[in-house]
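K.L.:
make a model of this:
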Amino acid sequence: MTNGIAESDWKLFRKLHPVAVERFCKQILNEIDAIGADDAKTCHQRYAEIYGMIERRDKELAYMFDNPRRSSAMGQLVAICRRSLLTKDELNGFSQGLVNFVKSLTDEDLA
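P.N.:
Numbers count the residues shown, from 1 in each chain. Below you'll find the model as predicted:
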C-alpha cells in the first residue's frame, strides 16, 4: 500500500468521494444555520463567526477532496473518516487491509 491503494479500493473511493463531499457541505451548512440563528449575538458577530468557520472548513474541504489521487487517497480517506462522512457499510466495502489502516488512525469502530 505504500504507492497508493489497490485498484478496487481506488474505484470505491472515487465512487464515494462525491457522497462524502455532499455530507461535509451539509455539515457546514448546518453549522452556518446554527450560527445564524444565535440571537444572543449581533448580526456582525454571527457574520464574523460564519466567515471564520468557512475559512477553516474550506481548508479541510481542500485537504479531503481536492485533487484525489491513488497516492493520496489513504490520507484523504482517514480524514474523511475522522469527520464521520462515510457509513460503516460504505467503509467496510474497502479491502480489510485498508479498513484496518483507517481504523488504526481514527476512533472509528469499523468492525
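K.L.:
quick one, what contacts the closest residue to Arg82 other than its chain neighbours?
P.N.:
Of all residues not flanking Arg82 in the chain, Thr106 sits nearest, at 5.3 Å (C-beta to C-beta, 6 or more residues apart in numbering). For glycine as for every other residue, the C-beta is placed from the backbone atoms N, C-alpha and C. Shown in contact with Thr106 (C-beta atoms under 8 Å, 6 or more residues apart in numbering): Val78, Cys81, Arg82.
K.L.:
between the residues you listed, which is closest to Val21?
P.N.:
Taking C-beta to C-beta as the measure, Cys81 is the one of the contacts of Thr106 closest to Val21, at 14.3 Å.
K.L.:
and that closest one, what are its phi and psi?
P.N.:
Backbone torsions for Cys81, taken as degrees, to the nearest 10, come to phi -70, psi -40.
K.L.:
next one: it from Ala40, what distance?
P.N.:
Here the criterion is C-beta to C-beta, to the nearest Å. By it, Cys81 lies 34 Å from Ala40.
K.L.:
what do you get for Met64?
P.N.:
According to C-beta to C-beta, Met64 and Ala40 sit 32 Å apart.
K.L.:
give me the more crowded residue out of the two.
P.N.:
A count of neighbours by other C-beta atoms under 10 Å puts Met64 above the other of Met64 and Ala40, at 21 against 6.
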